[in-house]
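# sequence first, then the predicted structure:
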Amino acid sequence: MSIKPEDPKYKEFQRTRKSLIERLNDWEDQKSWDDFYRTYWRLIYGVAMKSGLRNEEAFDAVQETVIAIAKQQKEGKYDPEQGSFKAWLMNLTRWRIADQFRKRKKDKDIIDYGDQEDDSGGSPIDKIEDLDGPLLERIWEAEWKKSLTDRGIDKVKDKVSPRQFQIFDCYVVQGWEAEKVRDELGVSIAQVYLAKHRVGSILKKEIQKLEKELF
C-alpha cells in the first residue's frame with residue numbers, strides 16, 4: 001500500500017504509522033515494548049538468518065537492533081519526515097547484522113574454528129560490504145511481506161471460528177489439496193472454498209491495516 005504526500009490522508013497516515021514507536025518514548029511502558037518486540041522480532045531474525053548469520057548470532061542481532069531502536073528513539077532520532085520507518089528499521093537491522101559478521105571475523109582471528117557447518121536459514125552474505133547491496137534489500141522485502149502475513153494470520157484467528165481457520169490453514173497455508181482437507185477434516189468441498197474466500201478476505205484487510213498502522 002502506498003500513500004502519496006499529496007494525498008489528503010498522508011498526514012493522518014504519517015501519524016498513525018509512527019504511533020507505536022512514539023509510545024516507546026516511555027521506557028516504563030513495558031506493554032508497548034512487548035508489543036513492539038512481538039511485532040518485529042521475527043522480521044529482524046528472519047533477515048539475519050537469511051543474511052548468513054547462525055542462530056545465536058541472529059538472536060544477538062535481534063537484541064542489539066531493539067536496543068539501538070530504544071537508544072535512537074530516546075534521542076528523538078526517528079523522524080518520519082526524513083524517511084519511512086521501514087527504511088529506518090532496515091538500516092538499523094543491517095548495521096547490527098554487520099556487527100555480528102565483524103565479531104565473527106574477530107573471533108576467527110583469535111581462535112581457529114576449523115570447518116563448521118552453517119546452520120543459517122539461507123545462502124550467506126560472505127562479505128560485510130554485501131550488506132549494502134541489493135541482496136539484503138531483497139531479503140528484507142521478502143521477510144517484510146512474510147512478517148505482514150504472519151501477523152495478519154495471528155489477528156485473523158480471533159475473528160473467525162476455530163473450524164473455519166483450521167480449514168483455511170490446511171488448504172491455503174499448508175497447501176493441502178481440497179480433497180485431502182475434505183477427507184481429513186470431514187467437511188465438504190464447498191466448505192473448503194467458502195473458508196478460503198471468507199478467511200482470505202479478512203486476512204487481506206488485516207494485512208492492509210497492518211501496512212498502515214504498524215509498518
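Nice, I can see it. All of these numbers come straight from a predicted model, not from anything done at the bench. Residues are numbered from 1 along each chain as shown.

# not counting sequence-adjacent ones, nearest residue to the most centrally placed residue in the chain?
The centre of the chain sits closest to Leu43, judged by C-alpha atoms, centre = their mean, with a distance of 2.7 Å. Among residues not flanking Leu43 along the chain, Ser147 sits closest, at 4.0 Å (C-beta to C-beta, 6 or more residues apart in numbering). Placement of C-beta: from N, CA and C, glycine included.

# so who does that neighbour touch?
Contact analysis of Ser147 by C-beta atoms under 8 Å, 6 or more residues apart in numbering lists Tyr40, Arg42, Leu43, Gly46.

# what about His146, which helix or strand?
Careful, residue 146 is Lys and not His. Assigned by DSSP states H and E, Lys146 belongs to helix 134-156.

# tell me how far that helix is from the chain's mean position?
5 Å (C-alpha atoms, centre = their mean, to the nearest Å).

# still on that earlier bit, now the residue nearest to the centre of the chain: how far from Asp34?
16 Å (C-beta to C-beta, to the nearest Å).

# and what of Ala68?
Ala68 is 18 Å from Asp34, by C-beta to C-beta.

# which of the two has more neighbours?
Each of Ala68 and Asp34 has its neighbours counted (other C-beta atoms under 10 Å); Ala68 has more, 18 against 10.

# so which strand or helix has that one?
Per DSSP H and E, Ala68 falls inside helix 55-74.

# how about the CA coordinates for that helix, as PDB?
Extracted C-alpha coordinates of helix 55-74, given in PDB (Å, rounded to 0.1, in the frame of the first residue of the first chain):
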ATOM      1  CA  ASN A  55      21.100 -19.000  15.100                       C
ATOM      2  CA  GLU A  56      22.700 -17.500  18.200                       C
ATOM      3  CA  GLU A  57      24.200 -14.600  16.100                       C
ATOM      4  CA  ALA A  58      20.700 -13.900  14.700                       C
ATOM      5  CA  PHE A  59      19.200 -13.700  18.100                       C
ATOM      6  CA  ASP A  60      22.000 -11.300  19.200                       C
ATOM      7  CA  ALA A  61      21.300  -9.200  16.100                       C
ATOM      8  CA  VAL A  62      17.600  -9.000  17.200                       C
ATOM      9  CA  GLN A  63      18.500  -7.900  20.700                       C
ATOM     10  CA  GLU A  64      21.100  -5.400  19.600                       C
ATOM     11  CA  THR A  65      18.700  -3.900  17.000                       C
ATOM     12  CA  VAL A  66      15.900  -3.400  19.600                       C
ATOM     13  CA  ILE A  67      18.500  -1.800  21.900                       C
ATOM     14  CA  ALA A  68      19.600   0.500  19.100                       C
ATOM     15  CA  ILE A  69      15.900   1.400  18.400                       C
ATOM     16  CA  ALA A  70      15.400   2.200  22.100                       C
ATOM     17  CA  LYS A  71      18.500   4.500  22.200                       C
ATOM     18  CA  GLN A  72      17.700   6.300  19.000                       C
ATOM     19  CA  GLN A  73      14.100   6.700  20.000                       C
ATOM     20  CA  LYS A  74      15.100   8.200  23.300                       C
END
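
# pLDDT of it, averaged?
For helix 55-74, mean pLDDT rounds to 88.

# from the contact counts, what lies against it?
Counting contacts by 3 or more C-beta pairs under 8 Å, 6 or more residues apart in numbering; DSSP states H and E, helix 55-74 is packed against helix 30-50, helix 85-110.

# much appreciated, bye for now.
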